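> Sharing a model prediction with you, sequence too.
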Amino acid sequence: MNVVHTISELSSDDLKHGSCVTIGNFDGVHLGHQALLHRTKERARELGLASIVVTFDPHPLRVILGQTPPFITLIDQKMSLLSAIGLDHTVCLPFTKEMAQLSPEEFVQLYLVQGLKTRALIIGHDYVFGKEKRGNYQLLTELGQRHGFAVEKIEPVYKNGDVVSSTRIRTLVQDGQVEQVRPLLGRYYQVSGSVIQGHKRGGPILGIPTANLKLVDELFPQPGVYAVWAELEGDILPAVANVGHNPTFGTNALSVEVHILDFARDLYDKHLRINFVRRIRPEQKFAGIEELKSQIHRDIDQARTMLSDPETFIYTCKA
């Protein structure tokens, strides 16, 4: 997939037959988003058009309102997930206050008609855009008739009776129900980061070495202990992760500490991706080191059992 940040980076050859476009923020690139992207690719192939996904950075609400809920995927991971779908081009437009002031008619004329030579537009069931959110399916259909492009609306994707949505995924992650997130994303919920120096309690004090991640993600599971798959330099390794504030040691800052099972290599400065499989227990404060050590060994045994199911392995490495 070709990734550009301005439409002018696309050549005349890229757009010589016109394009089939989908547009959105795609936070999480969940199954609903994936259905939209696959339909765009399919329709483009049917019509002999370039397939294009348009997204924005930063998120429009962060520009308009100054804040948003925590993102499921940061921009780099989102772009990687979009690329994996296999459309011809991703146009990641810088979102500005000036763009926020464009009417739907102005946005369509400038970006879709003049810029991308759109012949078909595929949108989600709840997609709105433009100043005052006036850009909806009805208006887009009218504008399409005026400018010569067809508009298709994709119906929502349901899992377990509910619509797959970024909001639902975010709530499940924050509630620690990570096993319920996997069917909505088509992969485990993931965080990643480089391994940094911690407080040197895992190995020296507890006898259980841990990798402390430098946190860059915005969305984290509810504090607790989780069975996880850790991805390291192409290897997928069983592990147990603690997300929390280390109440036994009286610290307050959120941390993610990972113990990889049966593993003894130095991990400092290595990049780890953590796939959250299932919550083992909530965060708790212990009376002392020995009580904590005993519980950690029980956590490791539980994680080992959970991850022994081969079915848990197939949803890793999908970012």
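Thanks, I have it.
> Which secondary structure elements does the longest helix along the chain sit against?
What stands out as the longest helix in the chain, according to DSSP state H, is helix 289-307. Contacts defined by 3 or more Cβ pairs under 8 Å, 6 or more residues apart in numbering; DSSP states H and E place helix 289-307 against strand 224-232, strand 235-244, strand 271-282. In this view, the C-beta of every residue, glycine as well, is placed from N, C-alpha and C.
> redo that, cut-off 10 Å
strand 224-232, strand 235-244, strand 255-260, strand 271-282 (3 or more Cβ pairs under 10 Å, 6 or more residues apart in numbering; DSSP states H and E).
> which of these is buried the deepest?
strand 224-232 (a mean of 24; mean count of other Cβ atoms under 10 Å).
> in its sheet, what does that one sit against?
strand 235-244 (antiparallel), strand 271-282 (antiparallel) (DSSP bridges).
> relative orientation of the shortest one and strand 255-260 in degrees?
Using axes from the mean of the first three to the mean of the last three Cα atoms, to 10 degrees, the direction of strand 235-244 lies 140 degrees away from that of strand 255-260.
> Also the last one?
Regarding strand 271-282 and strand 255-260, their directions subtend 100 degrees when assessed with the same axes, to 10 degrees.
> thinking again about what came up before, from the chain's centroid, how far away is the longest helix of the chain?
In terms of Cα atoms, centre = their mean, to the nearest Å, the centre of helix 289-307 is found 29 Å from the chain centre.
> and if you look at stretch 62-78?
10 Å.
> first vs last residue of it, how far apart are they?
16 Å (Cα to Cα, to the nearest Å).
> May I see the buried residues of it?
Residues of stretch 62-78 classed as buried by neighbour count (16 or more other Cβ atoms under 10 Å): 63, 68, 71-74, 77-78.
> Quick check: chain neighbours aside, which residue is closest to S19?
Once flanking residues are discounted, S19 sits nearest to A50: 4.4 Å by Cβ to Cβ, 6 or more residues apart in numbering.
> per-residue pLDDT, the one you found?
For A50, the model assigns a pLDDT of 98.
> contacting residues for it?
Contact analysis of A50 by Cβ atoms under 10 Å, 6 or more residues apart in numbering lists 2, 10, 13-21, 44, 87-89, 116-119.
> Tell me the backbone dihedrals of it, please.
phi -70, psi 140 (degrees, to the nearest 10).
> likewise G32?
G32 has phi and psi values of phi -60, psi -50 when expressed as degrees, to the nearest 10.
> The chain - how does it break down into domains?
2-159, 181-313 (automatic domain parsing).
> what about the stretch 151-300 of the chain, any weak spots by pLDDT?
Applying pLDDT under 70 to the stretch 151-300 of the chain flags the ranges 198-206, 246-252.
> Nothing else from me, thank you.
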